[in-house]
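*Asks:* Compute the structure for the input listed below.
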Amino acid sequence: MDVEGSGMLGARWEELNELDRLLSQLARPSRLGARVPHSVREQLREKGVFMGRGARREQLIESVWSRKRPLLRQLSAMDDRLPPCA
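*Replies:* Numbers count the residues shown, from 1 in each chain. Below you'll find the model as predicted:
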């Protein structure tokens, strides 16, 4: 495994970072009824998050979290803080 983060593990961390960015953009304060910005909508589509015309921010946040949870579980299972010789 590459220590610099490339490969499968690096891709998972990168996806986690992208999901975090999406969550922070979706959770930003906005006017009541304001639409999700076009750039965020594009990122959601790229991640495969379903977004109908009437999708509210809360629903989109739930969808992103549903993708983030399993990824966090995978990464935490791989994150062994003890050295192999311990």
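
*Asks:* quick one: contacts for Ala55?
*Replies:* Residues near Ala55 by CB atoms under 8 Å, 6 or more residues apart in numbering: Val36. Just so you know, the C-beta spots here come from the backbone N, C-alpha and C atoms, and that holds for glycine as well.

*Asks:* Same question for Ser30.
*Replies:* Per CB under 8 Å, 6+ apart, neighbours of Ser30: Arg57.

*Asks:* That one and Lys47, how far apart?
*Replies:* Taking CB to CB, to the nearest Å as the measure, Ser30 falls 20 Å from Lys47.

*Asks:* Pick out the residue nearest the middle of this protein.
*Replies:* Leu19 (1.7 Å; CA atoms, centre = their mean).

*Asks:* chain center to stretch 62-81, what's the gap?
*Replies:* The chain centre lies 9 Å from the centre of stretch 62-81; the measure is CA atoms, centre = their mean, to the nearest Å.

*Asks:* Hmm, I typed the wrong one, I wanted stretch 48-55.
*Replies:* Counting by CA atoms, centre = their mean, stretch 48-55 comes out at 16 Å from the chain centroid.

*Asks:* and what of stretch 32-46?
*Replies:* Chain-centre distance of stretch 32-46: 14 Å, with CA atoms, centre = their mean.

*Asks:* For it, output the C-alpha coordinates as CSV.
*Replies:* C-alpha atoms of stretch 32-46 as CSV (Å, rounded to 0.1, in the frame of the first residue of the first chain):
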residue,chain,number,x,y,z
LEU,A,32,-36.1,30.0,2.8
GLY,A,33,-36.9,28.2,-0.4
ALA,A,34,-33.6,29.1,-2.1
ARG,A,35,-32.5,26.7,-4.7
VAL,A,36,-29.3,24.6,-4.4
PRO,A,37,-26.5,26.4,-6.4
HIS,A,38,-25.8,25.0,-9.8
SER,A,39,-22.3,24.0,-9.0
VAL,A,40,-23.5,21.9,-6.0
ARG,A,41,-26.2,20.3,-8.1
GLU,A,42,-23.5,19.2,-10.6
GLN,A,43,-21.3,17.8,-7.8
LEU,A,44,-24.3,15.9,-6.4
ARG,A,45,-25.1,14.4,-9.9
GLU,A,46,-21.4,13.4,-10.3
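
*Asks:* Great, nothing more from me.
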